[in-house]
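Q: how would this look folded up:
(chains A, B, C and D)
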Protein chains: 2
Amino acid sequence: MPKVSDAHRQARRREILDAAAACFARDGFHRTSMQDIVRESGISAGLVYRYFASKDEVIAAIVGQWHEHRAALLTGDSATDNPATSDSATSDSARKHPAERATAAALPAYLDMLRAIGAPESAADLRLGVQVWAEALRSPAIDALVLGGVERFQEFAARVIRSTQRDGGLPATLDPDALARVLIAIYQGLMLQTAWDGTVDNDAFVHAVADLVGPLIGPGQA
Amino acid sequence: MPKVSDAHRQARRREILDAAAACFARDGFHRTSMQDIVRESGISAGLVYRYFASKDEVIAAIVGQWHEHRAALLTGDSATDNPATSDSATSDSARKHPAERATAAALPAYLDMLRAIGAPESAADLRLGVQVWAEALRSPAIDALVLGGVERFQEFAARVIRSTQRDGGLPATLDPDALARVLIAIYQGLMLQTAWDGTVDNDAFVHAVADLVGPLIGPGQA
DNA sequence: GTATCGAAAATGAGCGCTCATTCATTAAAC
DNA sequence: GTTTAATGAATGAGCGCTCATTTTCGATAC
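A: Okay, the predicted model is just below:
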């Protein structure tokens, strides 16, 4: 059986997805033709359709991988910053308090996420992200993915905030859910502004956010 | 000469633009066909091309009007909130201090802008805005418009912040430009989240922003 | 080792269709 | 009756996608 190896197949799939991601980041989903992806990947048109049944499926795969990447920034990074936490902290449902250990390092971890936006190598990712945002307004499937991602982040952040409030580190009068949404908004806004103009002063922005959030933090916090 | 009245012409133009805006907000620029606009407006295909030379020109007109609308929110609203200011406060260059009178009411005016995002009637505007953001990544002309708008807001806000700092109303250590960018980011993030999900708790969000910015404000401020 | 074979990988010209745009024609205004 | 507004079927360019064909390569025979 002259089938090709699974590794080769996955590599091919990746070639296509990488080419598609580059095209989509450059021109958006609907100004990118399949010919563009074919040209960029160097793979023939027919073969692309052995890996993906349609252009929409390519888009879905790209959005899915972009979304996984974002989710990894949340669970992965904050787990890394807190080695005390078990690293199987990915699961969703009935967990005790996966966030509580993260409380102390939560703000620095958040600021690091903002800093990562300024890294030159994430430029294409930012552009792709904005395209995904727009596409979420059209496609219920993508909308569900994106909203789910925001919700997960929002719940995570709100949990950390609540836990910090219990320790006296933040005023109890703050609405944790709303504050979490504001932090997400700041993240999204920085993404957008940086996608438009890579010369935005990331350091100054992060400092301003720190100056904004810092005064709220009480003695319970490092 | 059986020309039709100018009023009629402008009304026709508006019909086309309104239809286009509705389509673009629903499906994005590149998933909207000219047939869609023709159907939505009830105007024949040929006539549309008497008013706009191409689809790109329709897009440019929509982006232009959306942008003017945003700019009006800034100069118009804050002028309204401060009747003491002369209402020719729109000009750009060497002015003495157009923002100083606005200092006292600046934060409430900003919070009002956030509140306006939550109004149900602005839903289509928000969706269109996100499409414009994405399109700015492709089209240099749209990019210039959008960046110009952000810059104008940024400079305006930074001016207000600096003037408040001089009055002792804000710590002098804050970077006015960076803080202005953060406020813009919050605005953009709320736009985005509300465009995705109209049920976002706007009041809670605005309160959280007020709680975040409030503590910074010193005795010089109301 | 080499030749042979067949199944799957890979190709790319071409299919049907939709798109943006045009223009011969008709309707309406003065 | 003349002029312009308005129509909508027609056009060809370009799209997503297919499929008849060629290439590749592991398995088998000798």
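
Q: ranges for the strands of chain A?
A: Counting by DSSP state E, chain A forms no strands at all.

Q: Distance check, the residue nearest to the spatial centre of chain A against residue B:7.
A: Centroid-nearest residue in chain A, with C-alpha atoms, centre = their mean: residue A:70, separated by 2.2 Å. Separation of residue A:70 from residue B:7 (C-beta to C-beta, to the nearest Å): 51 Å. Where C-beta positions appear, they are placed from N, C-alpha and C, glycine not excepted.

Q: re earlier: please name the nearest non-neighbouring residue to the residue nearest to the centre of chain A.
A: Take residue A:70 and drop its neighbours on the chain: the residue closest to it by C-beta to C-beta, 6 or more residues apart in numbering or on different chains is residue A:149, 5.9 Å away.

Q: which bits of chain A sit near DNA strand D?
A: Taking C-beta under 7 Å from any atom of the strand, the part of chain A that reaches DNA strand D is made up of A:1-2, A:4, A:32-35, A:45-46, A:49, A:53-56.

Q: hmm, 6 Å instead?
A: Neighbours of DNA strand D within chain A, by C-beta under 6 Å from any atom of the strand: A:1-2, A:33-35, A:45-46, A:49, A:54-55.

Q: Of those residues, grab the buried ones for ChimeraX.
A: In ChimeraX syntax, the buried subset of the residues of chain A next to DNA strand D is picked out as below (16 or more other C-beta atoms under 10 Å in any protein chain shown):
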select /A:34,55
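
Q: What is the lowest-pLDDT residue among the residues of chain A next to DNA strand D?
A: pLDDT across the residues of chain A next to DNA strand D is lowest for residue A:1, at 47.

Q: follow-up on the earlier one: what sits against the residue nearest to residue A:70?
A: Residue A:149 is in contact with A:67, A:70-71, counting by C-beta atoms under 8 Å, 6 or more residues apart in numbering or on different chains.

Q: go again using 10 Å as the cut-off
A: Residue A:149 is in contact with A:66-68, A:70-71, A:74, A:132, A:136, A:184, counting by C-beta atoms under 10 Å, 6 or more residues apart in numbering or on different chains.

Q: Output the residues you listed in TSV; the columns should cover distance to residue A:208.
A: Shown next, in TSV, are the contacts of residue A:149 (distance: C-beta to C-beta, whole Å):
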residue	distance to residue A:208
A:66	27
A:67	28
A:68	30
A:70	23
A:71	27
A:74	23
A:132	26
A:136	28
A:184	17
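
Q: those helices in chain A, which residues are they?
A: Applying DSSP state H to chain A gives helices spanning A:6-27, A:34-41, A:45-51, A:55-81, A:103-117, A:123-136, A:140-166, A:176-196, A:202-213.

Q: Mean pLDDT lowest where, among the ones you listed?
A: Here those differ in mean pLDDT, and the lowest is helix A:55-81 at a mean of 83.

Q: Next, report how far that one is displaced from the centre of its chain.
A: Offset of helix A:55-81 from its chain centre (C-alpha atoms, centre = their mean, to the nearest Å): 6 Å.
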